[in-house]
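Undergrad: coords below, sequence missing:
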């Protein structure tokens, strides 16, 4: 993933509050839209947002939603909400989702390499990312 690197900057409490006030109505809007479509929606809380924005200087996942049912061989729609607190644009962002053959394991290396072979693994060619 080719992302621009930037020196970490301190955000004041006023900057963090301003960013949350910008984000909060968008989260509420997406929650209403997704739940109206029968999807499950989860998002970051203000406390989680404040803690995260103090330690990162990059786009962050702030919400997710998905439909709850799929027939065998069917499709599950999964949406991710990303917020960029940086004053610069980031590019080449990608999200990877594993369903069925992965379980959270303490080690990220083990999580990415160990899986239940009874479930098929589906893969597509790598994308160039999104802006």
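TA: That came through, no problem. Here the structure is a predicted model, which is why all the values come from computation and not from measurement. Numbering: from 1, shown residues only.

Undergrad: can you map out the strands along the chain?
TA: In order along the chain, the chain carries the following strands (DSSP state E): 40-43, 60-66, 78-83.

Undergrad: Highest average neighbour count across those: which stretch is it?
TA: Mean neighbour count, computed with mean count of other Cβ atoms under 10 Å, is highest for strand 60-66 among those, reaching a mean of 18. C-beta here means a position set from N, CA and C on the backbone, and glycine is covered the same way.

Undergrad: For the strands of the chain, give me JSON lines that also has distance to residue 33.
TA: Putting the strands of the chain into JSON lines (distance: least, Cβ to Cβ, whole Å) gives the following:
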{"stretch": "strand 40-43", "distance to residue 33": "9"}
{"stretch": "strand 60-66", "distance to residue 33": "9"}
{"stretch": "strand 78-83", "distance to residue 33": "10"}
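
Undergrad: can you redo those strands as JSON lines with mean pLDDT and distance to residue 90?
TA: Listed next are those as JSON lines, based on pLDDT from 0 to 100; distance: least, Cβ to Cβ, whole Å:
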{"stretch": "strand 40-43", "mean pLDDT": "94", "distance to residue 90": "20"}
{"stretch": "strand 60-66", "mean pLDDT": "92", "distance to residue 90": "11"}
{"stretch": "strand 78-83", "mean pLDDT": "90", "distance to residue 90": "9"}
